[in-house]
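**Q** Give me the fold of what follows.
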Amino acid sequence: MKKIIFYILILYGNHCLFSQNARLGASAEALSGASLFVQDAFAVANNPAMTTEIKAFEGGLTSKRKFLLALPEHAVVAVLPSKYGAFGGQYTYLGMDDYNEQSLSFSYAKQLFSGFNAALKFGGLWNHFTENYASGMALNMEAAFTLRLRKDCFLAAHILNPVQMHSTEVAFAQLRPQIRLGTQYILSEQLCISAEIGDEITKPWCVAVGAEYEWKERFLLRCGMSSYPLSYSAGIGCEINAFRVDVATVYTQYLGFTPQLSLVFFNKHKNKQ
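**A** Here you go, the predicted model:
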């Protein structure tokens, strides 16, 4: 099975090399990728500008197995707020022995004025093939923004690779500019709905919609759907003292289920001030 997946990755290498995962964590997965407004440590990946909303140190771990195949993805993230702004870090590993991708990046976000946050993120990406197939590396840059239109309505943008940075010949074509635009509407203290449209590496503009409902101040129920290919998602989060456990799964019409598990550490009291 691993050999089969390895050759699939070679055949579709243009889509797989340096797959910059701008949607990370089970909370983002449960929303079908409508994750520009995820407000936890995984905001480092989903939208670095949202890290300004975090008031105390947060960290997160996540693991998923793509399409129930032997292609695991693991990541660790952290956010450290300060009076100068919010600093974030992210490390991601995707793959197996025959093929793997790794990325390491750091972000900085700051509130520029009331209701408007901005962030920059820089990092490096590496991939490795065995059996004498070419490997590569690249540097990348991201920019992100959030804008509060009113108390219950927000806009956001996340731009990947607005400028081309250093990369090897193998990876160069993969780091083309991408953009995600989204909005969030808070219907009540318990329920919010998010929607976004994004330009993907392997597909045209994709629309995603997700909803999150807080139940009994401890549980978070999530669901979502996205287009091209059509996919559905669902998940649940449970807060236990200073931790939150998130579980999610996504079903796509072609490749089946992708389950994911995440653990977030946070200071609940400070982040709700």
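**Q** where are the low-confidence patches of the stretch 51-200 of the chain?
**A** Along the stretch 51-200 of the chain, the parts satisfying pLDDT under 70 run over 67-70, 130-134, 164-175, 200.
**Q** Please enumerate the strands of it.
**A** All strands of the stretch 51-200 of the chain, identified by DSSP state E, counting those that start in this stretch, fall at 58-65, 72-82, 85-95, 99-113, 116-129, 136-150, 153-160, 178-186, 191-198.
**Q** And these: which comes nearest Gly33?
**A** Closest approach to Gly33 among the strands of the stretch 51-200 of the chain is made by strand 191-198 (7.5 Å; C-beta to C-beta). (C-beta placed from N, C-alpha, C; glycine too.)
**Q** Just give me how far the closest one sits from the chain centre.
**A** 14 Å (C-alpha atoms, centre = their mean, to the nearest Å).
**Q** Name the residues of stretch 192-209 that come out as buried.
**A** Cys192, Ile193, Ser194, Ala195, Glu196, Gly198, Asp199, Ile201, Cys206, Ala208, Val209 (16 or more other C-beta atoms under 10 Å).
**Q** Once you drop chain neighbours, what's closest to Gly115?
**A** Arg148 (3.7 Å; C-beta to C-beta, 6 or more residues apart in numbering).
**Q** which ones are touching the one you found?
**A** Gly115, Phe116, Phe154 (C-beta atoms under 8 Å, 6 or more residues apart in numbering).
**Q** now it: how far from Leu120?
**A** 20 Å (C-beta to C-beta, to the nearest Å).
**Q** what would the buried residues of stretch 192-209 look like in JSON lines with distance to Glu58?
**A** Output for these, formatted as JSON lines (distance: C-beta to C-beta, whole Å):
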{"residue": "Cys192", "distance to Glu58": "19"}
{"residue": "Ile193", "distance to Glu58": "24"}
{"residue": "Ser194", "distance to Glu58": "20"}
{"residue": "Ala195", "distance to Glu58": "25"}
{"residue": "Glu196", "distance to Glu58": "22"}
{"residue": "Gly198", "distance to Glu58": "25"}
{"residue": "Asp199", "distance to Glu58": "29"}
{"residue": "Ile201", "distance to Glu58": "28"}
{"residue": "Cys206", "distance to Glu58": "28"}
{"residue": "Ala208", "distance to Glu58": "24"}
{"residue": "Val209", "distance to Glu58": "26"}
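**Q** Nearest to Leu220, out of these: which one, please.
**A** Distances from Leu220 to the buried residues of stretch 192-209, taken by C-beta to C-beta, are shortest for Cys192, at 10.6 Å.
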